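Visitor: Build me a structure from this.
(one chain, ligands or ions: 1)
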Amino acid sequence: MYEFHYRNNELWCEDISLSEVAEKFGTPLYVYSKRSIIDHCREIEKVFGEVDHLSCYSIKANSNLNILKIIAAEGIGADAGSIGELHLALKAGFSPDKITFSGVGKRDDEIEFALQNDINLFIVESEEELYIINTIAAKLVKIARIQIRINFDISASTHPYISTGERHNKFGIEQMYAEEIFQKALQLKNIEVLGIHTHIGSQITDPETFIESAKAVVDLIKVLRNKNIQVHELNFGGGFGVQYHDFVKHELLPTDEEHVDSKLTTVKLLEAALPVLKASNTKIFIQPGRSIIAHTGVLLTKVLYRKTTSEKTFIIVDAGMNDLIRPSLYKSYHQISPITIKNSEYEIVDVVGPLCESGDYFALNRSLNYSERGDHLSIFCTGAYGYVLASNYNGRLKPAEVMVDGDKYFLIRDRQSFKDIE
Ligand code: LLP
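Guide: So this is what the prediction gives:
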């Protein structure tokens, strides 16, 4: 499952030493484990057993083509959020009948592209979008299959930027209009209404939230069925949280007393919701992103400088917020440890990047093994929403990406060069 581990004092990914990879390709560098990607897909599939379902990997979490090919080869589906992601899904080999299209703001050309490629279905987020899809489908002489996203006004205790299921959020159609929108959709000639979709947010770690949300959808399906509206599919979205603390352990690493291993797993979250969902007698869809890919990647970086002020010690590294924005944007925690553990001299430091923003940091007041210029550090659990959110801010070139497969490793994306920023 977790393919990043220490052998003696050296960090490895599968059967490869990460010092070697960092030396060969330079830093900052994203490194992924193929075995871990496959394991995560299979683990999720196993929870469903014989249940009629389709898991659609949420491409926005990590859209590297090589990674998409690995996931497509597992036979699961993909959820795209833009024409670019639709293109990548098709190119990676996902079968069109396993591709779904989400998003509140689909452009006409994106809808057309999806219809022309006969994707499985659209997730519709507003009444106006419903009519536009119907019109475009009529023009192309196609039938658009849809699920309708309902907003159940459920609060997910996560960062407000990634909570999506509350009334004040832009997502979905308010529950009180659910029947009305289904009735309207059923009148449209080029629309086939298949089911309900809900997605209440990301990095949700409380099983109760999933149970509450599952009950809300299943109850609505009952209400609709009582009104003679058929609902064949229930799309439960993504959002399954992952453990970020205490990811790797070693006797010489500082212990994270505050966050003892929570043993949080996607399997447990899914297992909590599944019995409720199953009662709906529908085909169940999910759209896992982070839960498939977060734990499969790390960001490697090199210490450039140490800087001590009267208040703090800064470890200035060669990766910045343009490479990994999660700490700056959501105050997210990512475990950081040396690739080669040389000592157990802990110090409290801020690990910061080179950009001209005080928000450019990876850790604040963090206990870290003493590190100095030239040392490599690993920033863990950065497979999801890492590279995809990278930018060229401050004229910085986006990092390279490497895949480890057993005792082999290879580039799956080149480091950018000057021509990419010209
Ligand atoms: N389905 C829909 C409709 C979504 O909008 C998303 C993510 C997912 C599924 C996948 O959610 P996941 O299983 O990965 O939680 N950049 C943020 C996360 C943004 C999530 C956006 N939507 C972060 O770094 O935490």
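Visitor: going forward, measure contacts and count neighbours with C-alpha atoms only.
Guide: Will do.
Visitor: And for residue 252, the neighbour number?
Guide: Residue 252 is flanked by 14 other residues according to other CA atoms under 10 Å.
Visitor: repeat for residue 405
Guide: 17.
Visitor: try residue 237
Guide: Neighbour count for residue 237, taken as other CA under 10 Å: 25.
Visitor: And the one 4 residues further on, by the same measure?
Guide: Other residues within reach of residue 241 by the criterion other CA under 10 Å amount to 23.
Visitor: Pull up the per-residue confidence for it.
Guide: pLDDT, residue 241: 93.
Visitor: for the one 10 residues further on, same thing?
Guide: Confidence per residue is given as pLDDT, and for residue 251 that number is 94.
Visitor: separation between it and residue 346?
Guide: Distance, residue 251 to residue 346, using CA to CA, to the nearest Å: 13 Å.
Visitor: just checking, residue 234 is part of a helix?
Guide: No. Going by DSSP: H, G, I helix; E, B strand; the rest coil, the assignment for residue 234 is strand, not a helix.
Visitor: Which neighbouring elements make contact with the longest strand along the chain?
Guide: The strand that spans the most residues within the chain, counting by DSSP state E, is strand 297-308. Under the contact criterion of 3 or more CA pairs under 8 Å, 6 or more residues apart in numbering; DSSP states H and E, strand 297-308 touches strand 29-33, strand 313-317, strand 376-379.
Visitor: looking at those strands, which is buried most?
Guide: Most buried of these by mean neighbour count (mean count of other CA atoms under 10 Å) is strand 29-33; its value is a mean of 27.
Visitor: hang on, the earlier thing: any chance of the helices and strands packed on strand 297-308 in a markdown table, plus distance to residue 2?
Guide: Shown next, in a markdown table, are the helices and strands packed on strand 297-308 (distance: least, CA to CA, whole Å):
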| stretch | distance to residue 2 |
| --- | --- |
| strand 29-33 | 9 |
| strand 313-317 | 25 |
| strand 376-379 | 15 |
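Visitor: The ligand: which of these is closest?
Guide: For the helices and strands packed on strand 297-308, the distance to the ligand is smallest for strand 376-379, at 14.3 Å, taking CA to the nearest ligand atom.
Visitor: So what are the sheet partners of the very next helix or strand once past the closest one and their directions?
Guide: Per DSSP states H and E, strand 376-379 leads on to strand 400-405 as the next helix or strand towards the C-terminus. For strand 400-405, the pairing partners within the sheet under DSSP bridges are strand 29-33 (parallel), strand 408-413 (antiparallel).
Visitor: what does the stretch 251-400 of the chain put close to the ligand?
Guide: When proximity is defined by CA under 6 Å from any ligand atom, the stretch 251-400 of the chain lies next to the ligand at 287, 288, 289, 290, 291, 326, 385.
Visitor: For the third one, give me its contacts.
Guide: In this case it means residue 289. Residues in contact with residue 289 (CA atoms under 8 Å, 6 or more residues apart in numbering) are 57, 58, 59, 60, 61, 62, 238, 239, 384.
Visitor: Format those residues as CSV; extra columns: neighbour count and secondary structure.
Guide: What follows is the contacts of residue 289, written out as CSV (neighbours: other CA atoms under 10 Å; DSSP: H, G, I helix; E, B strand; the rest coil):
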residue, neighbour count, secondary structure
57, 31, strand
58, 27, strand
59, 27, helix
60, 18, helix
61, 21, helix
62, 23, coil
238, 24, coil
239, 27, coil
384, 24, coil
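Visitor: hang on, the earlier thing: turn the helices and strands packed on strand 297-308 into a markdown table, columns for mean pLDDT.
Guide: Listed next are the helices and strands packed on strand 297-308 as a markdown table, based on pLDDT from 0 to 100:
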| stretch | mean pLDDT |
| --- | --- |
| strand 29-33 | 98 |
| strand 313-317 | 98 |
| strand 376-379 | 98 |
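Visitor: Looking at these, which is nearest to residue 295?
Guide: Closest to residue 295 of the helices and strands packed on strand 297-308, according to CA to CA: strand 29-33, at 8.8 Å.
Visitor: What are the contacting residues of the closest one?
Guide: By CA under 8 Å, 6+ apart, strand 29-33 touches 3, 13-14, 22, 296-301, 383, 387, 399-405.
Visitor: again, only using 7 Å
Guide: Contact partners of strand 29-33, identified using CA atoms under 7 Å, 6 or more residues apart in numbering, comprise 3, 13-14, 296-301, 399-405.
Visitor: Which one of those residues is nearest to residue 67?
Guide: Lowest distance from residue 67 to the contacts of strand 29-33 (CA to CA) belongs to residue 403, with 8.5 Å.
Visitor: Quick one: residues contacting that closest one.
Guide: Per CA under 7 Å, 6+ apart, neighbours of residue 403: 31, 32, 33, 34, 409, 410, 411, 412.
Visitor: Tell me the bridge partners for the nearest residue to the fourth one once chain neighbours are set aside.
Guide: This points to residue 34. Spatial nearest neighbour of residue 34, excluding adjacent residues (CA to CA, 6 or more residues apart in numbering): residue 405 at 5.4 Å. Counting by DSSP bridges, residue 405 is bridged to residue 408.
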